[in-house]
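# next input, structure requested:
(chains A and B)
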Number of protein chains: 2
Amino acid sequence: MLGHADSCLCIDLGAIVANWRYIDSLSAPSTVTAAMVKANGYGLGAAAVAGALAAAGCGEFFVASLDEAIALRQHLDEVGHPEPHIMTLHGCHIGQEEAHAQHRITPVLNDLEQLTRWRLLSQKIAEKLPALLHFDTGMTRLGFDPDQTDWLIQNKAAYDGLVVRYIMSHLVSGEVIGAPITTQQLAAFNELRSWFAGVPASLANSAGSLLPTPYHFQMTRPGIALYGAHPADCPTDKLQPVVRWHARIMQLRRAKAGDRVGYGGTHLLTRESKIATIGVGYADGYDRQLGGKAIVQIGDKHAPVIGRVSMDSITVDVTDLADGDLVSGTADLLHAGYDVPRMAADANTISYEVLTRLGARPARHYLKP
Amino acid sequence: MLGHADSCLCIDLGAIVANWRYIDSLSAPSTVTAAMVKANGYGLGAAAVAGALAAAGCGEFFVASLDEAIALRQHLDEVGHPEPHIMTLHGCHIGQEEAHAQHRITPVLNDLEQLTRWRLLSQKIAEKLPALLHFDTGMTRLGFDPDQTDWLIQNKAAYDGLVVRYIMSHLVSGEVIGAPITTQQLAAFNELRSWFAGVPASLANSAGSLLPTPYHFQMTRPGIALYGAHPADCPTDKLQPVVRWHARIMQLRRAKAGDRVGYGGTHLLTRESKIATIGVGYADGYDRQLGGKAIVQIGDKHAPVIGRVSMDSITVDVTDLADGDLVSGTADLLHAGYDVPRMAADANTISYEVLTRLGARPARHYLKP
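Model (predicted):
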């Protein structure tokens, strides 16, 4: 499976579909479940992920930028799924109006300026154009701010000619149990909805999708949960793991007590040792902070990563493994005993960053649903 | 320059060529200066970097894996530079022998097993095949270990039929001034050379290239220095900065004292504020640890990144900037006041990881030499 590469990500598209169906089962039948495939499908491949989800019936995909949207539209057209909606969360920037329309991309409009330009195009081409309106209820990041929101409520003619498919907002701390801001945002969003009678609404990211149904409205927008990780990195057996990562054992070597391993000689061997050098490094997205912390699996045995992570390789102490344990010639970097949340904790980050940091160099192998 | 992307890496190929020439000037005229372009040219694009360096006269390129080597060979052939040597640092793994020969890739042989298979192919096709022999002098990572080294010295017929272009080793702590291991490695390597009379030798990575000439031998192999960073992240005006990174200001918004910014609401605004949301996030390689630490440049003013880094965006406090400062519509993430080493320090890592972590999503714009 490695071929000319030194490591390979094995991505279970069936698990992604199963996770999407699980999230979908948590909301009412009338609630649509969209899919976040921005950041190249959280590092796992937006084309493959969206293709599998479209085939499973998902009709709403969110990306960040127009670049991502066009690439996804072209792929979905090629694989015979022209129908799903594709939304750009960053909206429609100056000069991007025609390309949005041409590629059937729906912008999430974040302010009056974006709204005005999108509406102008609608008037120019005499066609009703779709849009989502994003209102900020606490992130202070993207979306209509309170002043613009008030103005828009008083001046609804500002979006005449647009089809507002959804109004939406985004949760600040949806994954934090009992966070007061979450109920405050729900209240603010419900008040907002009262001004947009009949317009569908969407509030829930992955964390919101796991909250009770009052958070679900007409569409949920899960991301990280599709990729098998709980938004708060809590252990869960409801979400199937999606990615395995294995790498070539490039060399096995003997070393003696007193030898030091890797850059800076940070790891001192205290016994006659057997070291496996494995073809993955921080340039592949194997975080440099994992040196001395991570555990790989070889056959059915575990072995610790020792010394510093290099750009292209890591060193593993396999002294306690028998030669027969090493015949596979590969090591699993992500496995049942060391999953994405565990790797994230050892790298001082969250599962989201572990996934989106996966480099272009590892080969991708997709397990079809 | 952004087009449909939300951020763009501006890569100065002329600076890379200048840095290569500077490193080359430090060694004797008879010493060849190779170029490390593994990990996709340290994240900046192996094809563009090697193309520019080949045009400038560089004839030796190192990559990690066969995948990388084949892609580079195909590119160099396409742009009319078929002549440079391309070496795989990870050597020739089982089943990769024919592809190495077919694409004119020279493996760095790291142990007897690799040596034996490469020599067998040489005998099979009745052709002298090139190789480098890598001996470990302290890294305990890749290269012939002491036992195999001793055996090979006694059994030189083991590489009959191969053209050993270089013997090489790799420094553990070349960037640490006065590290005893460095002089120990030099002594060990010189002893090793005495067993391979007439064979060219190579020991120096970027750090070694900056050490006195006894470390240079017949070939130096700089990497990080080509990309404008000192191997110990020391300030230096001898190396030209190579990469700028700018991103779209996606939205400007007002916020009031008491508002909180970003996920978790970690940043509390203490005054009436103006916030710019910028189209780069940790999925682009903008480390999540930079939230609350990094400084961007907008026009000729600096502004702090506040709150958490999101997957696709960051928030910047631009309250102290005048509206006229913001007309460019973009922010510089890497700039003279906040360079790669500074970003690395704030992200608790080294320049190497900052560069190789740069994601696929930012557009690449190359300044030709």
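# what pLDDT does the closest residue to chain B within the stretch 201-350 of chain A get?
Nearest to chain B in the stretch 201-350 of chain A, going by Cβ to the nearest Cβ, is residue A:283, at a distance of 3.5 Å. For glycine as for every other residue, the C-beta is placed from the backbone atoms N, C-alpha and C. Predicted confidence (pLDDT) for residue A:283: 98.
# just residue A:47 next, same as before
98.
# spit out the contact partners of it.
Neighbouring residues of residue A:47 by Cβ atoms under 8 Å, 6 or more residues apart in numbering or on different chains: A:41, A:71-72, A:75.
# okay if I get those as a markdown table plus secondary structure and pLDDT?
Output for the contacts of residue A:47, formatted as a markdown table (DSSP: H, G, I helix; E, B strand; the rest coil; pLDDT from 0 to 100):
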| residue | secondary structure | pLDDT |
| --- | --- | --- |
| A:41 | helix | 98 |
| A:71 | helix | 98 |
| A:72 | helix | 98 |
| A:75 | helix | 98 |
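# closest to chain B among these?
residue A:71 (9.4 Å).
# right, and that closest one touches residue A:46 too?
Yes - assessed by Cβ atoms under 8 Å, residue A:71 is found in contact with residue A:46 at 7.3 Å.
# what about those two, which has more around it?
Ranked by neighbour count (other Cβ atoms under 10 Å in any protein chain shown), residue A:71 and residue A:46 place residue A:46 first, with 24 against 17.
# what sits against the more buried one?
By Cβ under 8 Å, 6+ apart, the contact set of residue A:46 is A:37-38, A:40, A:63, A:68, A:71-72, A:75.
# now do residue A:253
A:274-275, A:277, B:111, B:136, B:140, B:145.
# quick one: strands adjacent to the lengthiest strand in chain A?
Identified as the longest strand of chain A according to DSSP state E is strand A:243-255. Partners of strand A:243-255 in the sheet, by DSSP bridges, are strand A:7-12 (antiparallel), strand A:273-278 (antiparallel), strand A:330-334 (antiparallel).
# just to revisit the earlier point, of the contacts of residue A:253, closest to residue B:261?
Among the contacts of residue A:253, residue A:277 lies closest to residue B:261 (Cβ to Cβ), at 44.0 Å.
# wait, that closest one sits on residue B:145?
No - checked against Cβ under 8 Å, the pair residue A:277 and residue B:145 is beyond contact range at 10.8 Å.
# now whatever residue of the stretch 1-150 of chain A ends up closest to chain B: how far from residue A:357?
Nearest residue of the stretch 1-150 of chain A to chain B, counting by Cβ to the nearest Cβ: residue A:39, 3.5 Å away. Per Cβ to Cβ, to the nearest Å, residue A:39 is found 10 Å from residue A:357.
# quick one: whatever helix or strand residue A:303 lives in to chain centroid distance?
Using DSSP states H and E, the element containing residue A:303 is strand A:301-306. Centre-to-centre, strand A:301-306 and its host chain are 28 Å apart (Cα atoms, centre = their mean, to the nearest Å).
# listing partners with orientation, what would you give for it?
For strand A:301-306, pairing defined by DSSP bridges yields strand A:295-298 (antiparallel), strand A:314-317 (antiparallel).
# got JSON lines for the ones you listed, with distance to residue A:127, mean neighbour count and mean pLDDT too?
Shown next, in JSON lines, are these (distance: least, Cβ to Cβ, whole Å; neighbours: other Cβ atoms under 10 Å in any protein chain shown; pLDDT from 0 to 100):
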{"stretch": "strand A:295-298", "distance to residue A:127": "55", "mean neighbour count": "22", "mean pLDDT": "98"}
{"stretch": "strand A:314-317", "distance to residue A:127": "55", "mean neighbour count": "25", "mean pLDDT": "98"}
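# in CSV, list those along with distance to residue B:101.
Below are those laid out as CSV (distance: least, Cβ to Cβ, whole Å):
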stretch, distance to residue B:101
strand A:295-298, 30
strand A:314-317, 29
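# to residue B:25, which of these lies closest?
Nearest to residue B:25, of all the strands paired with strand A:301-306, is strand A:314-317, at 34.8 Å by Cβ to Cβ.
# for the record, mean pLDDT for the strand holding residue A:303?
Rounded mean pLDDT across strand A:301-306 is 98.
# what's the closest non-adjacent residue to residue A:235?
Distances taken as Cβ to Cβ, 6 or more residues apart in numbering or on different chains place residue A:341 nearest to residue A:235, at 7.7 Å, with adjacent residues excluded.
# shouldn't the residue of the stretch 201-350 of chain A closest to chain B be in contact with residue B:354?
No - at 11.3 Å, residue A:283 does not count as touching residue B:354 under the criterion of Cβ under 8 Å.
# contact partners for residue A:107?
A:87-88, A:91-92, A:100, A:114, A:118, A:131-132.
# within reach of chain B, which of the residues you listed are there?
Counting by Cβ under 8 Å from any Cβ of the partner chain, residue A:91 from the contacts of residue A:107 sit close to chain B.
# redo the contacts of residue A:107 as JSON lines? Include secondary structure.
Listed next are the contacts of residue A:107 as JSON lines, based on DSSP: H, G, I helix; E, B strand; the rest coil:
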{"residue": "A:87", "secondary structure": "strand"}
{"residue": "A:88", "secondary structure": "strand"}
{"residue": "A:91", "secondary structure": "coil"}
{"residue": "A:92", "secondary structure": "coil"}
{"residue": "A:100", "secondary structure": "helix"}
{"residue": "A:114", "secondary structure": "helix"}
{"residue": "A:118", "secondary structure": "helix"}
{"residue": "A:131", "secondary structure": "strand"}
{"residue": "A:132", "secondary structure": "strand"}
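# distance check, the residue sitting nearest the centre point of chain A against residue B:22.
Central residue of chain A (Cα atoms, centre = their mean): residue A:42, 3.0 Å from the mean position. From residue A:42 across to residue B:22, the span is 40 Å (Cβ to Cβ).
# which residues of the stretch 101-250 of chain A fall in strands?
Along the stretch 101-250 of chain A, the stretches classed as strands by DSSP state E, counting those that start in this stretch are A:105-109, A:129-134, A:162-168, A:201-204, A:219-220, A:243-255.
# fine by me, we can end here.
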